[in-house]
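Peer 1: sequence-free structure coming up:
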């Protein structure tokens, strides 16, 4: 967790002198400016989350005599200060991630950092939060998440391509397309729908969870591990929606030895759970696949189906899919 000398003195979100302090720290080049900037960024992100929650709750305030522009103004001030206080007192881990990413970036050459998938991830449809909503367990019971002990991920003699080689949407889709096609034929759905789901869950393969030995878990569909899973396991912080409210949880996810095993388990997971019978029997068009999974309880994110459909509608997805099919 990030700590700095400035933690002892509380900041006010409207105190602009803190930016002068950041400029001074940047001249010293001791890393403190980066930490301060990361905390500010985390504060902005937290404020956006709070604002979204306020907006979602606004419908219940209609006709409330206690609601006014003045109360909304002061509520906004409170939210901004609350976000800053949270980021300065441990936060949600985003500042730590930013510092690690930026610190590592200093060591990269211009060539290494100039061409990447970042240009695609800036697309509003494809941009993902650091902790995207993940799929619920088969039993729906959160207690099962803590049953499985962490197990080292096994290796195999001929490993599948990992996210290190997925430096563009084309390379990611090209790597998973054969597996997605095979899974699609077994499920009776479109390969494009399965690929779009994998894109959403992994951010074009850039956020695939690592196993216990730091190798890829090949978990492209956010499938969690419960007591019935006897394979490898990796743990990760994730955001789940309970009664429409987002909350961070630490959950156990399945780890695989290859892409082939990951897609085979995806098919088996859907076939072995009766909750998905309706989605599999409808044989809907590709863009409806995400909605059917959402209705069946695959994910707690209320916008899960819409996100998958938006990815399929994007020019980036269509172009990458076309190139992968050549």
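Peer 2: That came in fine, so what should we check first? Everything numeric here is computed off the predicted structure, so don't read it as measured data.
Peer 1: what residues of stretch 199-208 count as buried?
Peer 2: For stretch 199-208, the neighbour count (16 or more other Cβ atoms under 10 Å) marks 199-206, 208 as buried. Any C-beta I mention is one placed from the backbone N, CA and C, and that applies to glycine too.
Peer 1: kindly report the same for stretch 217-231.
Peer 2: Neighbour-count burial for stretch 217-231 flags 217-226, 229 (criterion: 16+ other Cβ under 10 Å).
Peer 1: from the buried residues of stretch 199-208, which is closest to residue 244?
Peer 2: residue 200 (19.8 Å; Cβ to Cβ).
Peer 1: and that closest one, what's its pLDDT?
Peer 2: pLDDT, residue 200: 93.
Peer 1: so which strand or helix has it?
Peer 2: Under the criterion of DSSP states H and E, residue 200 resides in helix 191-202.
Peer 1: return the set of buried residues in the next helix or strand after that helix.
Peer 2: Later in the chain than helix 191-202, the nearest helix or strand by DSSP H and E is strand 232-242. Buried residues in strand 232-242, counted by 16+ other Cβ under 10 Å: 232-236, 238-241.
Peer 1: show me what strand 232-242 is packed against.
Peer 2: Judged by 3 or more Cβ pairs under 8 Å, 6 or more residues apart in numbering; DSSP states H and E, strand 232-242 is in contact with strand 245-255.
Peer 1: which is the next helix or strand following the strand it packs on?
Peer 2: Scanning forward in sequence from strand 245-255 by DSSP H and E, the next helix or strand is helix 259-271.
Peer 1: and the angle for that next one with strand 232-242?
Peer 2: Helix 259-271 and strand 232-242 are oriented at 50 degrees to each other (axes from the mean of the first three to the mean of the last three Cα atoms, to 10 degrees).
Peer 1: tell me the angle of helix 259-271 relative to strand 245-255?
Peer 2: In terms of direction (the same axes, to 10 degrees), helix 259-271 departs from strand 245-255 by 120 degrees.
Peer 1: go through helix 259-271 and flag the buried ones.
Peer 2: By 16+ other Cβ under 10 Å, the buried positions in helix 259-271 come out as 259-267, 269-270.
Peer 1: residues contacting the closest residue to residue 285 other than its chain neighbours?
Peer 2: Among residues not flanking residue 285 along the chain, residue 190 sits closest, at 7.4 Å (Cβ to Cβ, 6 or more residues apart in numbering). Contact analysis of residue 190 by Cβ atoms under 8 Å, 6 or more residues apart in numbering lists 184, 285-286, 289.
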